[in-house]
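Novice: sequence plus the predicted model coming up.
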Amino acid sequence: MIRALAIDDEPLALRLIGVFAGRIPDMELTASCTDAGQALPFLDKVDMIFADINMPGLSGMDFVASLENPPLVVFTTAFADYAVDAFRVGAVDYLLKPFTFDDFSRAVGRVREALELRASKDIDKEKTVCFKSDYKVVPVKVSDIRYVEGFGPYVKIYLESAESPLVVLSSFRQILGDLPEERFVRIHKSYIADITRITAAGKTSVTLDDGLSLPVGDAYRAGFMERYMKRLL
């Protein structure tokens, strides 16, 4: 069940969100508020927020930006020129008023996908992969792996918890088979990266969340960019 909160200073807009939410079987509109202050007590009780951008006092954009760990957000507004700013603060989607039920349903679908991805990440934190290194079997948490680098007949597995990489006698094909497909992607003949750690992607390189730059190979660029862009939508 997707628990939602609606914030809008227009009662008709809140009523429309309530009607549309009632038509989606796995959605529950927990509360409707006419300003950001009213919404504060409900933040830890919901999975997502429908937030109007233009409201008296604190705008929906500023409200979301002020939250340390906000629920997923879909902005609603009558002004199209806020789209870039909306995604800059991490919005899942952006609904331009007046929106239809189909528009609303698509936005909820993106929220649903984001929640499923978040749940899979939580599961990944508990997953462990075993690698053979120095005649030993070494268990490694999936969430600890930052990226993998080819090194002749070996691969280097770079971990968040260790300064030196774990060196494993293995092929890239075998490593890719061992790692969760939804999380790891080959970006180069010599590199596999955790796609959830990539904060920026260019034509020839990607940047990880620690600022490290890794190369992107011509043969892998199209496949990688398709997956990366789907994560952003």
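Specialist: Cool, the structure landed.
Novice: after the helix or strand bottoming out on mean pLDDT in the chain, which helix or strand is next? Please name it.
Specialist: The weakest-scoring helix or strand in the chain, judged by mean pLDDT, DSSP states H and E, is helix 83-88 (a mean of 70). Per DSSP states H and E, the first helix or strand lying C-terminal to helix 83-88 is strand 93-96.
Novice: who are the packing partners of the next helix or strand after that following strand?
Specialist: Note on strand 93-96: by DSSP H and E, the next helix or strand toward the C-terminus is helix 101-124. Helices and strands touching helix 101-124, by 3 or more Cβ pairs under 8 Å, 6 or more residues apart in numbering; DSSP states H and E, are strand 2-7, helix 11-22, strand 72-77, strand 93-96. For glycine as for every other residue, the C-beta is placed from the backbone atoms N, C-alpha and C.
Novice: what distance do you get for the residue nearest to residue 78 when sequence neighbours are not counted to residue 147?
Specialist: Spatial nearest neighbour of residue 78, chain neighbours left out: residue 97 (4.4 Å); criterion: Cβ to Cβ, 6 or more residues apart in numbering. Distance, residue 97 to residue 147, using Cβ to Cβ, to the nearest Å: 42 Å.
Novice: thought residue 231 was touching residue 195?
Specialist: Yes - between residue 231 and residue 195 there is a contact under Cβ atoms under 8 Å: 6.5 Å.
Novice: compare the two (neighbour count), which wins?
Specialist: residue 195 (18 against 13; other Cβ atoms under 10 Å).
Novice: coming back round to it: the more surrounded of residue 97 and residue 147?
Specialist: Each of residue 97 and residue 147 has its neighbours counted (other Cβ under 10 Å); residue 147 has more, 21 against 15.
Novice: what about the chain, any weak spots by pLDDT?
Specialist: 83-84, 120-126, 233 (pLDDT under 70).
Novice: how is it partitioned into domains?
Specialist: 2-123, 128-232 (automatic domain parsing).
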